[in-house]
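Student: Take this sequence and fold it.
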Amino acid sequence: MVHNAYDSFELLANSPIKIDAIESYGSKLLVACSDGALRIYAPESTISDKSPPSDYHNHGDQLRKEPYALARTVNGFSRKPILSMKVLASRELLLSLSESIAFHRLPNLETIAVLTKAKGANVFDWDDKRGFLCFARQKRVCIFRHDGGRGFVEVKDFGVSDTVKSMSWCGENICLGIRKEYWILNAINGALSQIFPSGRLAPPLVDNIGVFVDQNGKHLQAEKLCWSEAPSVVVIQKSYAIALLPRRIEIRSLRVPYSLIQAVVLQNVRHLIESNNAIIAALSNSVCALFPVPLGAQIVQLTASGNFEEALALCKLLPPEDSNLRAAKEGSIHIRYAHYLFDNGSYEEAMEQFLASQVDITYVLSLYPSIVLPKTSMVPEPEKLIDISPDAPYLSRGSSGLSDDMESSPDFDEHSALESKKMSHNTLMALIKYLQKRRYSIIEKATSEGTDEVVLDAVGDNYGAYDSSRFKKSSKGRGNIVINSSAREMAAILDTALLQAALLTGQTSAALELLESVNYCDLKICEEILQKWNHYSALLELYKCNGMHREALKLLHQLVEESNQSQPGLNPKFKPESIIEYLKPLCGTDPMLVLEFSMLVLESCPTQTIELFLSGNIPADLVNSYLKQYAPSMQGRYLELMLAMDENGISGNLQNEMVQIYLLEVLDWHAELNAQEKWDEKDYSPSRKKLLSALESISGYNPESLLKRLPADALYEERAHLLGKMNQHELALSLYVHKLHVPDLALSYCDHVYESAAHPPSVKSSGNIYLTLLQIYLNPQKTTKNFEKRITNLVSPQNTNFPKISSGTLVKAKGGRATKKIAAIEGAEDIRVSLSGTDSSRSDGDADESGEEGGSTIMIDEVLDLLSKRWDRINGAQALKLLPKETKLQNLLPFLGPLLKKSSEANRNLSVIKSLRQSENLQVKDEMYNRRKTVVKITSDTTCALCNKKIGTSVFAVYPNGITIVHFVCFKDSQRMKAVGKGSALRKG
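Tutor: The predicted structure is shown next:
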C-alpha cells in the first residue's frame, strides 16, 4: 500500500436483525432489516438531545466518526424485504425497492407515491438532475419523471432481450447489464448498442478489469483498471475508485496506471454505498464507514514515501479558498520531487519539476558549483536555498556539494564524485533546457525595465531619492544597466550560466546564437572563460554585443594573422574579409575606427575595402586624407577603384589629387630614364597610361597647375591633353603634328572636339577645328617656331587669363614688304575663330614670321588626307581658299566629289521645298478668294439674331457660319458684355 486514503471505523455492531439495505441521511443511518422494519441510527452523542424526528437532519449533514445507536424504529415499513434504498437529498425523498418502488417524504417517512407498474422490479437508478427514474422489470425498462409533487409521469417503456441485472444513467442514455454483456440504451428511441461482453460468469460486473466509456459507450482511455479480484460493486469518490471484493475492499487511484492505494480487510460485506462524506460498508449485522483521510495528511504521507505525482494530484483537490496553501505545498513537492529525480539520474525530468515549482533559478544553479555566476545580491546562501517550505527537511540535500571548505573536508572524494556527476553532459543538457524555458520571461522583464528607465531619463523624471538609491555600470552595447535591478541581475545570471553550459557541452553554435541575440551575459566572467577555453568566435560576439568594437577588431586581426601563419596552405578560418564584414555596420557610427582598422586589410583586400568605404557612405575626402597620411601607397589605388565604381561620386578635388599622383609617378619615371639617357617619347609605362587615361576621361583636375609641372622637352602627349582642356586647340594640334609626328592623333583630337561640341553640332562652330588643323599642315614652319613661346606665356604667372585676339588682321612682312598671309584670304576671317575663340587667333608677333613662310614645306599629303576623310565636316569654300594655288584639282577629287554631290543634293532638295511652299501659298490665296465671294441676302424680313429686330438698312455683321446675321451695334455690345463678364470673373477669382 502507498498510503492510507481512508480510515475504517465501525459505526454499528451486533445488529439483532439481518441488514438487507442501508442508506445515509445527513448524519443518520437508515437501515432496512429483514423483518420489514426500518431502523434509524444516530451518533450516540446526539441521542441524549432527544430531538424530535423533524430535527433528525439538523444534527449535521455528515456521518460522524463515532459509534451509532438506535434512535427510532419504523415497524412495518415494508411487507417484503427491501432490495435497495436511495435518499434523494435534493427532493427530501427516500426511494425504496421492495415488491414495488415507493417514495417516502423525509424525515417523517410518509409514503407519498407507490409505482404499481414497478411491481416485480429488480433494479433501478435515479437521475437527480432531471428527476428521471428508470427501473427494470423482467424484460422491460421503464422511465418515469417526477412532476415535483406527489406524482410521477411515465415517459418511456422499452423492451430488452433479457432480464436486466444492473443499470445506471449515463447522461441521457442508460447503461444496462444484460446476461454477460453491457449495452447502451437510448432513452429517447430505445435503440440498443453493445459496449463489450463482460465475461464468462454472471452477473455482468464479474471480471477484474474496468474500463472507462463515455455516455455513448465509446472507450475513453486505452489503459484499463485492473482489480485483484472481480468486484461486485464499484464506487467513485473524488480521485479514487473503491471496489467491493469478496474478501476485502480495494482503493485504487484514478490516475494512470491506477495503482493500488489501500486495501481494507472486511469480509462478508453485502452493500457498499457512497455517503456525503464517507463510504458505507454494510455487513450482515454491522456497519462500517471508510472516512477519507484529510488531504493534507495524505499529501504528507505521499511525499514522505516518495510518491510525488500522487501528492501533486491530491494538491489539485484542495479547496479554492486554500490557494496559497495549495501553491506552497505544490512548490515544496515539486522541489522534493526534482531532487529525487536528480539523484536518480533523471535530470530532464528533475528540471521539469524545478520549472513547475517556480523556484528561483539561483537555487537550481546552486547544484552546479562549477558554473561561475556574477556576484550580486540575488545569489542566496546554500542553506537559505533549502528552506523553501517549513516542512521540507528533505531539501537539505540541495547544498550537499556547495560547501566553501569542501576541499578540506574528510569526505572530499565523495563530494568530488558527486560534483563530477553533476557536471556531466546529461546534467548540463538538462540545465540548458531548463534555462531556455525560463529565459523568455526573464529577458522580457529585464528589457521592459530597461525601456522604462530610458523613458524616465528622457522625460527628466529622475528624483533625487531614486538617483541616490541606484548605481549604474556602463555598457556600450546596452546602455546603462541598473545594478540593483532584480530583473536585470536575474537575466545576467541566467545568460552567464546558459553560455557556460552551452560551451561545456560543446554547443558552440548555441553559444554564438545566444551572444548574437539580446543577452545580458556578464562581461568579465564570460571574457575570462572564453579566453581560457579559446572560444574566439564567441569572444568576438561578446565584445560586439557589449560595444567593445576596438577590442573585437584587435582580436580579429590577431586571429587573422595567426591563421595565415599557421595554415599557409589551407583555407584559414579567419580571413581579412572577416574584418571587413565586422566593419560594415560601424561605418555610420564610428568612421574613424573603420578607417583605422581598414588599413590592416587594405593591401590584401583592396577591392573589398574600397567597397566598404563606398557602401558605408564614409566621406571620400576623409578616406583620402587618412590614406594620404597612413597609407600613401594605396591612395592612388583607392581613387582608381572609387572612380571605377562611382564615376560621379568622386569630387573634382579628389580627381585632381588622383591625376597629381599619376603625374608624380610619371615624372619620377621620366627623370630616371632621362638620367640614363634612355628616354623615348613613345615609351608608355603603366603609370603613364593611367595618367593619359585620366587626363582624357575625367574633368575635375586643374590643367594649368599640371601644365606647369611638365618638362619642356618631354611628355608632349600629356601637354596636348592639358592644352585641349584649356581650349588651346591650335597648340595641342601643333604638338601632335610637329612634336609627336602622329597625324592620326591630331585627327582623333579634332573628332573629339567636334563630337563634344554643342548639340546639334554646327559646321561653323565645331567644323573650325578641322580648318585649324588644316592651317597647321599648311604652315608647318611657323607653328613649329611659335608654339614654345605661346606655351611659356600660358604657364607664366602673369597669364592666367586668355584674352581673345582679333582675327582677320593684315600682317606686315619683314623689310617693309607688305604681303598677305595664306590665312588672310578674303572670306577666311571666320576660319581662325576657334570653338572657344581663344586658340586660333594671331598675336602681334605673327607678322614677324610671315616673311619666311613663302619657303616653308607644306604638308600637302596630310592636307589631302584630312580633306578626303572629313569632307562632310569641313566648310568646302573656306578650305579651298586656304589651299595653295598650285594645288591640282585631280588631287582634290576625293574631297570635292562627295562635297559637290552633297551640295547638289541639298540644292535640289531646297528647290523642291521652295516649289512646295509656293504651291501651298497659292492654295491659301485661292481659299481666301473663295471665302471673300460669299453672298448674304438681306430682305425686309431679315431680323437680328440678338435683338430680334429687323436689319433694314442698318450696318450688319455675319458670323463665320454664313447664316447668323446681327446688327453691327448689337455685335459690338455683345462683345463688350463678354469682356466685362470675363473681367468680373477674374476679379472674383
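Student: Correct me if wrong, but E927 is in a strand.
Tutor: No - E927 is assigned helix when assessed by DSSP: H, G, I helix; E, B strand; the rest coil, not a strand.
Student: can you pull the contacts of it?
Tutor: Not one residue lies near E927 by C-beta atoms under 8 Å, 6 or more residues apart in numbering. Yep, even glycine has a C-beta here, placed from its N, CA and C like the rest.
Student: Let me know the pLDDT of it.
Tutor: We have a pLDDT of 87 for E927.
Student: same check, this time on I874
Tutor: So I874 comes in at 81 (pLDDT).
Student: ok, now how distant is it from A906?
Tutor: According to C-beta to C-beta, to the nearest Å, I874 stands 15 Å off from A906.
Student: of the two, who's got more company?
Tutor: Using other C-beta atoms under 10 Å as the criterion, I874 and A906 rank with I874 on top: 23 against 10.
Student: So the more buried one versus L774, what's the distance?
Tutor: I874 is 8 Å from L774, by C-beta to C-beta.
Student: which residues do these two both contact?
Tutor: Common neighbours of I874 and L774 (C-beta under 8 Å, 6+ apart) are 866-867.
Student: can you give me the strands in the stretch 451-600 of the chain?
Tutor: Applying DSSP state E, counting those that start in this stretch to the stretch 451-600 of the chain gives strands spanning 472-475, 479-482.
Student: what about the stretch 51-200 of the chain, any weak spots by pLDDT?
Tutor: Regions of the stretch 51-200 of the chain meeting the criterion pLDDT under 70 cover residues 51-60, 196-200.
Student: which residues of it fall in strands?
Tutor: Here the stretch 51-200 of the chain has its strands, by DSSP E, counting those that start in this stretch, at 68-74, 84-88, 93-97, 101-105, 110-115, 123-127, 132-137, 140-146, 152-159, 164-170, 173-178, 181-186, 192-197.
Student: Reformat those strands into JSON lines and put distance to H670 and mean neighbour count next to each item.
Tutor: Shown next, in JSON lines, are the strands of the stretch 51-200 of the chain (distance: least, C-beta to C-beta, whole Å; neighbours: other C-beta atoms under 10 Å):
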{"stretch": "strand 68-74", "distance to H670": "131", "mean neighbour count": "17"}
{"stretch": "strand 84-88", "distance to H670": "124", "mean neighbour count": "20"}
{"stretch": "strand 93-97", "distance to H670": "128", "mean neighbour count": "22"}
{"stretch": "strand 101-105", "distance to H670": "131", "mean neighbour count": "21"}
{"stretch": "strand 110-115", "distance to H670": "133", "mean neighbour count": "15"}
{"stretch": "strand 123-127", "distance to H670": "117", "mean neighbour count": "19"}
{"stretch": "strand 132-137", "distance to H670": "120", "mean neighbour count": "23"}
{"stretch": "strand 140-146", "distance to H670": "123", "mean neighbour count": "20"}
{"stretch": "strand 152-159", "distance to H670": "123", "mean neighbour count": "14"}
{"stretch": "strand 164-170", "distance to H670": "111", "mean neighbour count": "19"}
{"stretch": "strand 173-178", "distance to H670": "112", "mean neighbour count": "23"}
{"stretch": "strand 181-186", "distance to H670": "112", "mean neighbour count": "20"}
{"stretch": "strand 192-197", "distance to H670": "110", "mean neighbour count": "14"}
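Student: Of all those strands, which one is nearest V955?
Tutor: V955 lies closest to strand 181-186 among the strands of the stretch 51-200 of the chain, at 112.6 Å (C-beta to C-beta).
Student: Give me the neighbour count for N276.
Tutor: Residues lying near N276 (other C-beta under 10 Å) number 13.
Student: Distance-wise, check it relative to I698.
Tutor: 103 Å.
Student: now do F308
Tutor: Note on F308: its distance to I698, by C-beta to C-beta, is 83 Å.
Student: what's the answer for K139, then?
Tutor: K139 is 113 Å from I698, where distance means C-beta to C-beta.
Student: of these two, who's got more company?
Tutor: The neighbour comparison of K139 against I698 (other C-beta under 10 Å) goes to I698, with 17 against 13.
Student: Can you report phi and psi for the more buried one?
Tutor: phi -110, psi 160 (degrees, to the nearest 10).
Student: wait, isn't it in contact with Y662?
Tutor: No - I698 is beyond contact range of Y662, at 10.8 Å (criterion: C-beta atoms under 8 Å).
Student: list the contacts for P960?
Tutor: By C-beta under 8 Å, 6+ apart, P960 has no neighbours at all.
Student: For E696, the count of nearby residues, please.
Tutor: 12.
Student: so it makes contact with H721?
Tutor: Yes - between E696 and H721 there is a contact under C-beta under 8 Å: 6.1 Å.
Student: residues contacting F132?
Tutor: Applying C-beta under 8 Å, 6+ apart, we find F132 in contact with 126, 143-146, 155, 169, 187.
Student: measure it to G149 for me?
Tutor: 16 Å.
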